[in-house]
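S.K.: predicted model and sequence follow; I will ask about them next.
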Amino acid sequence: MALRADWLPALTAFESAARHQNFAHAAEELHLTASAVSHHVRKLESRLGVALFQRHARGVSLTVEGRQLADAAGTALADVDGVLRSLRGSRGDEGRVRITTLHSLAYTWLLPRLSTFTQAHPGIALNVDTEIALTRFDDGGPDLGIRHGPGHWPGLTAHHLMDESLFPVTSPDYAAAAGIRGAGDIAGHPLIADHARQGWHDWFRAAHVHGAKFEERYTFSDTTDAMKAAAAGLGIALARSRIAVPYLERGQLIRLPVPAMAARWGYYVVYPAHRRLRPAAQAFLEWLLENRPT
């Protein structure tokens, strides 16, 4: 089957949706509507005769065929982007570091610390890209990533940055009215969840609350939004310790008097194993590792 020019808009929309695992985020990146992205993807699926995404209540996920096409499309578009960057001369900018990380971690942990890096390295500029999906480290892509996971990814070198714990939080007013005294009391309240790998089921199990019937009333794709929802008094959220710090310090959230749970995964600084870091990226990596929490 020959690749025709009229396939390119659909492939571009599909590649972005696959990378974000979210049509709305792809639409924002491409300056389209979510329905336009969905139309492009369905048009592509119709032409190929296969389903590229599984649609479910929490969003979309790639099928086996979708992952195969996403890998090929991502590589091809990254190759083109790399050439375009080279022709524009942007790849010669040795004093700029491109970092990809989660929005929640950037907002609550990374940004408050960046001024110390800038003071130590005033000649280095930073591009910080926040995405939910895992960004590809192709030529022309980010230099470094901060990922949340088990610490090993094929083709990537990973340096441990920090661990965390999880515990229930809510607004001071909600806590005063709820009168939570123990882990068993949590189940009767509206719970706020995100798309993290560990959630309320894991916490109730770790807290030895068995057979609890609970409702995840609100679910957010980003942990920052879950924290804001709890601060607004919508219910009780399961907070990640590194993300919750500024909300706790400002008094927007309080930690409930119930047990915390050790997180199964931590945060890691990653980059392609085959790539030698440029001096500016190496400086930022060393700064991150020197300033990681003890």
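M.R.: Ah, there it is.

S.K.: contacts and neighbour counts: CA atoms only from here.
M.R.: OK.

S.K.: what residues sit buried inside the helix or strand containing residue 54?
M.R.: Assessed by DSSP states H and E, residue 54 sits inside strand 53-56. Judged by neighbour count using 16 or more other CA atoms under 10 Å, the buried positions of strand 53-56 are residue 53.

S.K.: who does the helix or strand just after that strand pair up with?
M.R.: Past strand 53-56, further along toward the C-terminus, the next helix or strand under DSSP H and E is strand 59-62. Strand 59-62 pairs in its sheet with strand 53-56 (antiparallel), by DSSP bridges.

S.K.: quick one: mean pLDDT over the strand it pairs with.
M.R.: Taken as a whole, strand 53-56 has an average pLDDT of 88.

S.K.: repeat for stretch 195-202
M.R.: 88.

S.K.: same thing with stretch 273-287?
M.R.: Per-residue scores along stretch 273-287 average to 91.

S.K.: end to end, how far does that stretch reach?
M.R.: 19 Å (CA to CA, to the nearest Å).

S.K.: where does the stretch 1-150 of the chain dip in pLDDT?
M.R.: Residue ranges of the stretch 1-150 of the chain with pLDDT under 70: 1-5, 81-93, 131-140.

S.K.: quick one: pLDDT of residue 212?
M.R.: 84.

S.K.: can you pull out the strands in the stretch 1-150 of the chain?
M.R.: 53-56, 59-62, 96-101, 125-130, 144-149 (DSSP state E, counting those that start in this stretch).

S.K.: partners of the fourth one in the sheet?
M.R.: According to DSSP bridges, strand 125-130 has the following sheet partners: strand 96-101 (parallel).

S.K.: what angle sits between the partner strand and strand 144-149?
M.R.: The directions of strand 96-101 and strand 144-149 differ by 10 degrees, with axes from the mean of the first three to the mean of the last three CA atoms, to 10 degrees as the criterion.

S.K.: contacts for strand 96-101 next, please.
M.R.: Identification of contacts with strand 96-101 by CA atoms under 8 Å, 6 or more residues apart in numbering yields 124-131, 135, 141-147, 280-281, 284.

S.K.: could you rerun that using 6 Å?
M.R.: 124-130, 142-146, 281 (CA atoms under 6 Å, 6 or more residues apart in numbering).

S.K.: count of neighbours near residue 122?
M.R.: Number of residues near residue 122 (other CA atoms under 10 Å) recorded here: 11.

S.K.: and it, its phi and psi?
M.R.: The phi/psi pair for residue 122 (degrees, to the nearest 10) reads phi -60, psi -20.

S.K.: measure it to residue 144 for me?
M.R.: Residue 122 is 19 Å from residue 144, by CA to CA.

S.K.: and this protein, what are its domain boundaries?
M.R.: 5-88, 93-163+266-290, 165-262 (automatic domain parsing).

S.K.: next, the buried residues of stretch 216-224.
M.R.: 216, 218, 219, 220, 222, 223, 224.

S.K.: what is the end-to-end distance of that stretch?
M.R.: First-to-last distance for stretch 216-224 - CA to CA - comes to 17 Å.

S.K.: please apply the same query to stretch 181-190.
M.R.: 16 Å.

S.K.: so what's residue 168 up against?
M.R.: 237, 238, 239, 256.

S.K.: dihedrals phi and psi, the last one?
M.R.: Note on residue 256: backbone dihedrals following degrees, to the nearest 10 are phi -80, psi 150.

S.K.: show me what counts as buried in stretch 62-71.
M.R.: Neighbour count says stretch 62-71 has 62, 66, 67, 69, 70 buried, by 16+ other CA under 10 Å.

S.K.: sorry, slip of the keys, the one I care about is stretch 192-208.
M.R.: Buried residues in stretch 192-208 (16+ other CA under 10 Å): 192, 193, 194, 198, 199, 200, 203, 204.

S.K.: can you put the residues you listed in a markdown table and add distance to residue 101?
M.R.: Formatted as a markdown table, these follow (distance: CA to CA, whole Å):
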| residue | distance to residue 101 |
| --- | --- |
| 192 | 23 |
| 193 | 20 |
| 194 | 17 |
| 198 | 19 |
| 199 | 21 |
| 200 | 24 |
| 203 | 25 |
| 204 | 29 |
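
S.K.: follow-up on the earlier one: for the contacts of strand 96-101, give me a markdown table that also has neighbour count.
M.R.: Formatted as a markdown table, the contacts of strand 96-101 follow (neighbours: other CA atoms under 10 Å):
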| residue | neighbour count |
| --- | --- |
| 124 | 19 |
| 125 | 15 |
| 126 | 15 |
| 127 | 12 |
| 128 | 19 |
| 129 | 15 |
| 130 | 19 |
| 142 | 20 |
| 143 | 26 |
| 144 | 22 |
| 145 | 25 |
| 146 | 24 |
| 281 | 23 |
